[in-house]
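Q: here is my input, please return the structure:
(2 chains)
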Amino acid sequence: MKRTALCGLFVVVVAACSGPDSAATTTSTLGGAGFPTTVEADNGSVTIDQRPVAIISLSSTATEMLFAIGAGPQVMAVDDQSNYPTEAPVTDLSGFTPNLEAILSYEPDLVVITFDPGELIAGLETAGVPVLSYTAAFTIDDVYRQMEALGAATGNSEIAQQANETIEADLAEIVENSAGVGDDVTYYHEIDALLYTVTSSTFFGEIYGLFGMDNVADPADEDGSFFGYPQLSEEYVVASDPNIIYLANVLYGESAETVATRPGWDVMTSVKNGDIVELDSDVASRWGPRIVEFAQSIADGLEEYQRG
Amino acid sequence: MSLPTTPPLARPSRPSWLAIGVGVGAVILVGAAGLLLGAAGIDSIQVVRALLDALPLIEVDNTLTEIQLNVLYEIRAPRVVLGGMVGAILAVAGASYQGVFRNPLADPYLLGVAAGAGLGATMAFAVSGDSSVLAPFAFLGGMAAVAVTYTLGRSVGGRTTTSLILAGVAVAAFATAIQTFLLQRNSETLRQVYSWILGQLVTVGWGDVVGLMPYALVASAVMLASRRMLDVLSIGDEEAGALGINVVRLRWVVVIAATLATAAAVSVSGLIGFVGIIVPHTIRILFGASYRVIIPLSLLFGAAFLMAADIAARTLVAPAELPIGVVTAFFGAPFFIMVLRSMRRSG
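A: Got it, this is the predicted structure:
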């Protein structure tokens, strides 16, 4: 409930900040057009006094978003996992084990994170650096909201808006091209070799749902106690015999071949027919602009499956 | 409800037929339940028919599909067998450590053996990237850890219970710290090690059973053969020496066997706690304090206990899984407390 309220509030704020007649734009002269501005993040309302020009991103998804909304030139440093786009200024800063002093040594004027292991946000705020925290999207709408917020925070609202429209249109086109193909096709999306997976209630499951596909993992988390990311029993995966297996863990050594050699998996229809899709592990674990590529991989797998 | 108790001094020289019968019965019953239950939703009656059909000279029809038969024979059956083997050797290793260190709290976890084995395997994998080297390096890591624990424990306070356990806790913390550091520095290459540490029995096949078998057989045979000498050792090092036992050699042989068993178990099933301490103590309370009773019964009850815990892990929230360590602690700890209390009341 609190989340919904926050998001609602956030939409209002963004609308207020990005609209040409809003109060925010009329008061801003010192820090450039649109500043100071206040945006909503998971860590609350954050006020940014002037257009940031020394941004640090400790989130590989935020890095992709910042470059997609035209804020790339304002990005000064990104964390060691931010490998896309290639022009992102990669450093050895870590998003998983962030070191406050190392971050501050860059003298950033905005830090975007996805994970605070302890006192990161508090430490940055004490140092007077605005920080925006965005956790993994729960829905596709969260992606658009985060892009918009980053647009407002960096003075790129217009490009962010366009980027969102492009993503929305691309998604719609991919889904439309596969119209009817995915209906009642069952799938299993593997996060790791211990059979952790996603249900339809997750952001990733929502994208599969656009194609009308059915997730075999849904009975494993009906009450949401695993937050949509249950670990499946191996015999259940094999016995449910999904039409298509999507592997999100290719980066960690799994492939169509390794799946086929797992004891007991060789009798599965998808293994026999080769309906195993090796997803780009980065694309399949981030919630940025490349969800379009993710959707395209799903569609390609569907096409391959229907071709037989 | 009163539990049978044995006066501590009257030590039976071997387990009673009743105890053996209960142990064997538990292994058979739990093992059968393990084959019948699971997340795949296969009809139990059809499983029974299929299993009967697999016996020689018996022909029974069943309606299982190719996939369901495959699930039964290639996924469920090896998992049941491996759970039994891992439970048996973790329990017997715990009992052996307790005997050899004359310390009721000694177990592969508190002595730092499991953490050392984990570190050894992680380092081997980090250097070679080859998962076939896990078991031998897990053994080396486990041996190094128990050697340091024992030396430290002796040097700070003789062989008292607390100093040995405190040393074990320190060694385990140190090994875990290095391992965490390595995992963090090499998060991508070592992701498989993560899977393996947390792996438990989630994905196992007959290959794991075959791989564990030689270690389990050799280590169990050595520990079984030492059960009489562990009884003599329990009266004290000097007394055992006076009775003609080479105490130093005995200690080394048993520690090596127990560590080999633990490392082999850790390298196929990851770290599963609680088995090595609960099972031997429950046997001690129910059936007698002699190692001639505890060691053989630990094999049986350890197998039954871990197979039962694994059934819970894969059926309670099916088709999702619970970590088996959570199950062993959640059911094991209260059960253990209940046994302890009933012993005090009747004793």
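
Q: now the stretch 1-150 of chain A against chain B: closest residue?
A: As assessed by CB to the nearest CB, chain B sits closest to A:T97 within the stretch 1-150 of chain A, at 6.4 Å. C-beta: built from backbone N, CA, C; applies to glycine.

Q: list the contacts for that residue?
A: By CB atoms under 8 Å, 6 or more residues apart in numbering or on different chains, the residues touching A:T97 are A:P117, B:Q184.

Q: then B:L29?
A: By CB under 8 Å, 6+ apart, B:L29 lies in contact with B:A304.

Q: need the contact list for the nearest residue to A:W265 once chain neighbours are set aside.
A: Spatially, and ignoring its direct neighbours in sequence, A:W265 is nearest to A:V271 (5.6 Å; CB to CB, 6 or more residues apart in numbering or on different chains). The contact partners of A:V271, by CB under 8 Å, 6+ apart, come to A:I245, A:V259, A:A260, A:W265.

Q: near chain A, which residues of the stretch 1-150 of chain B show up?
A: B:38-42, B:66-68, B:70-71, B:73-76, B:78-79 (CB under 8 Å from any CB of the partner chain).

Q: restricted to buried residues, select these in PyMOL.
A: Command for PyMOL, covering only those of the residues of the stretch 1-150 of chain B next to chain A found buried under the criterion 16 or more other CB atoms under 10 Å in any protein chain shown:
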select buried, chain B and resi 38+39+40+42+67+68+70+71+73+74+75+76+78+79
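
Q: widest-spaced pair of the contacts of A:V271?
A: Pairwise distances among those were taken by CB to CB; the largest, 10.1 Å, belongs to A:I245 and A:A260.

Q: who has more neighbours, these two?
A: A:I245 (22 against 15; other CB atoms under 10 Å in any protein chain shown).

Q: report the next helix or strand after the host helix or strand of that one in sequence order.
A: Element membership for A:I245 (DSSP states H and E) is strand A:244-247. Scanning forward in sequence from strand A:244-247 by DSSP H and E, the next helix or strand is helix A:256-261.

Q: could you pull up the mean pLDDT of that next one?
A: Summarised as a single mean, pLDDT over helix A:256-261 is 94.

Q: which residues touch that helix?
A: The contact list for helix A:256-261, computed with CB under 8 Å, 6+ apart, reads A:I245, A:L247, A:W265, A:D266, A:V271, A:G274, A:I276, A:E278.

Q: between the residues you listed, which is closest to A:G308?
A: Distances from A:G308 to the contacts of helix A:256-261, taken by CB to CB, are shortest for A:G274, at 10.3 Å.

Q: which residues of chain A fall in helices?
A: Secondary structure of chain A by DSSP state H: the helices cover A:2-18, A:23-27, A:60-68, A:100-104, A:120-126, A:140-154, A:157-177, A:203-210, A:234-240, A:256-261, A:269-273, A:291-307.

Q: thinking again about what came up before, residues shared between the contacts of A:I245 and A:A260?
A: Contact with both A:I245 and A:A260 is made by residues A:V271, A:I276, according to CB under 8 Å, 6+ apart.

Q: on that earlier part again, can you pull the pLDDT of the residue nearest to A:W265?
A: pLDDT, A:V271: 96.

Q: following element in sequence after the helix or strand hosting B:W252, please.
A: Element membership of B:W252 [criterion: DSSP H and E] is helix B:247-269. Going down the chain from helix B:247-269, the next helix or strand is helix B:275-287, by DSSP H and E.

Q: quick check: mean pLDDT of whichever helix or strand comes after that following helix?
A: Next along the chain after helix B:275-287, taking DSSP H and E as the criterion, comes helix B:291-315. Averaging pLDDT along helix B:291-315 gives 95.

Q: report the outermost residue of the chain with respect to its centre.
A: Just so you know, I chose chain A. For chain A, the residue at maximal distance from the C-alpha centroid (CA atoms, centre = their mean) is A:V267, at 34.2 Å.

Q: actually it's chain B I care about, not the one you picked
A: For chain B, the residue at maximal distance from the C-alpha centroid (CA atoms, centre = their mean) is B:D61, at 37.8 Å.

Q: so the nearest residue to that one once chain neighbours are set aside is in which element?
A: Nearest residue to B:D61, sequence neighbours excluded (CB to CB, 6+ apart): B:R49, at 6.8 Å. Following DSSP H and E, one finds B:R49 within helix B:44-54.

Q: helices or strands up against that helix?
A: helix B:17-36 (3 or more CB pairs under 8 Å, 6 or more residues apart in numbering or on different chains; DSSP states H and E).

Q: which positions in the helix it packs on come out as buried?
A: Within helix B:17-36, the residues that qualify as buried are B:A19, B:I20, B:V22, B:G23, B:A26, B:V27, B:V30, B:G31, B:G34, B:L35, B:L36, counting by 16+ other CB under 10 Å.

Q: would you format those residues as CSV with distance to B:T180 included?
A: Rendered in CSV, the data for the buried residues of helix B:17-36 read as follows (distance: CB to CB, whole Å):
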residue, distance to B:T180
B:A19, 42
B:I20, 43
B:V22, 42
B:G23, 39
B:A26, 38
B:V27, 37
B:V30, 35
B:G31, 36
B:G34, 34
B:L35, 38
B:L36, 40
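
Q: cool, thanks, signing off.
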